[in-house]
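Engineer: after the sequence you'll find the predicted model.
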Amino acid sequence: MKRSIKFTGLLLLLFCISAFTIGDSLGSGYKVGDIAEDFKLKNIDGKMISLSDYKDAKGFIVTFTCNTCPYAVMYEDRIIALNKKYESKGYPVIAIMPNNVKVKPGDALPKMKKRAEEKGFNFPYLIDANQSVYPKYGATKTPHIFVLQKTKAGNMVKYIGAIDDNYKDASAVTTKYVEEAVDALLKGSEVPHKETKAIGCSIKA
């Protein structure tokens with residue numbers, strides 16, 4: 001009887017350990033150095049967009065953002081500026097709206113299109129309708145940025161985190177993390193800050 005209890009206890013312990021291990025590994029998302037899978041998502045113009053469509057790109061500034069988060073709204077002009085500065089250099093912005101539109105109807109595709117027109121978005125604004133892409137990246141906030149570099153192995157993650165170090169005031173920014181990362185990649189240098197804490201609203205599942 002005692003042996004049976006001990007065996008049962010051991011099984012429970014092993015189950016708990018494995019459950020925690022699986023829980024930690026699931027949904028953790030890409031790390032710096034990982035190869036990001038391609039995706040195919042609908043743009044606000046109705047066309048399906050993939051990273052593979054950008055034959056001449058050297059990499060990408062993948063940006064998880066939305067209409068309804070105040071943090072994302074505060075960064076809209078800076079995201080537009082990033083694409084203006086780096087698209088011609090081979091690093092276009094690819095914006096993805098990850099929220100569940102049943103929870104956030106203000107992020108539905110028609111609203112996305114309206115917002116893009118109002119702000120003059122100069123980049124694709126895609127919807128992760130099935131919410132299948134953002135978990136692979138491990139995105140948790142809007143905005144949350146992933147700088148990718150094209151390599152022979154695929155699109156390698158080179159930077160994860162915030163756009164810069166001051167979401168409240170663009171004029172008070174002291175470190176522009178995304179610009180720093182892309183500039184380093186264009187020079188063939190090491191990215192100085194490979195990961196920072198993304199500041200924003202939680203993605204609504």
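Structural biologist: Yep, that arrived.

Engineer: all strands of the chain, in order?
Structural biologist: 35-36, 41-43, 48-49, 59-64, 93-97, 125-127, 141-142, 144-151, 154-161, 201-202 (DSSP state E).

Engineer: the closest residue in space to residue 98 that isn't next to it in sequence - how many residues pack around it?
Structural biologist: Computed as CB to CB, 6 or more residues apart in numbering, the closest residue to residue 98 that is not its neighbour in sequence is residue 134, at 3.8 Å. In this view, the C-beta of every residue, glycine as well, is placed from N, C-alpha and C. For residue 134, the neighbour count with other CB atoms under 10 Å is 21.

Engineer: who are the contact partners of residue 134?
Structural biologist: 64, 96, 98, 128, 203 (CB atoms under 8 Å, 6 or more residues apart in numbering).

Engineer: and the two most separated of those?
Structural biologist: Across the contacts of residue 134, no pair lies farther apart than 96 and 203, at 10.4 Å, counting by CB to CB.

Engineer: so what sits against both of these two?
Structural biologist: Common contact partners of residue 96 and residue 203 (CB under 8 Å, 6+ apart): 64, 134.

Engineer: how many neighbours does residue 66 have?
Structural biologist: Residue 66 has 28 neighbouring residues, counting by other CB under 10 Å.

Engineer: which residues touch residue 75?
Structural biologist: 65, 143, 163, 167.

Engineer: who wins on neighbours among those residues?
Structural biologist: Neighbour max across those (other CB under 10 Å) = residue 65, 29 neighbours.

Engineer: hmm, that residue is touching residue 95, no?
Structural biologist: Yes: in this structure, residue 65 is within contact of residue 95 by CB atoms under 8 Å, at 5.4 Å.

Engineer: identify the contacts common to these two.
Structural biologist: Shared between the contact lists of residue 65 and residue 95 (criterion: CB under 8 Å, 6+ apart) are residues residue 79.

Engineer: re the thing from before, columns neighbour count on top of the contacts of residue 134, output as CSV?
Structural biologist: Below are the contacts of residue 134 laid out as CSV (neighbours: other CB atoms under 10 Å):
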residue, neighbour count
64, 26
96, 24
98, 26
128, 22
203, 23
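
Engineer: quick one: which of these is nearest to residue 57?
Structural biologist: Checking these one by one against residue 57 (CB to CB), the nearest turns out to be residue 96, at 15.9 Å.
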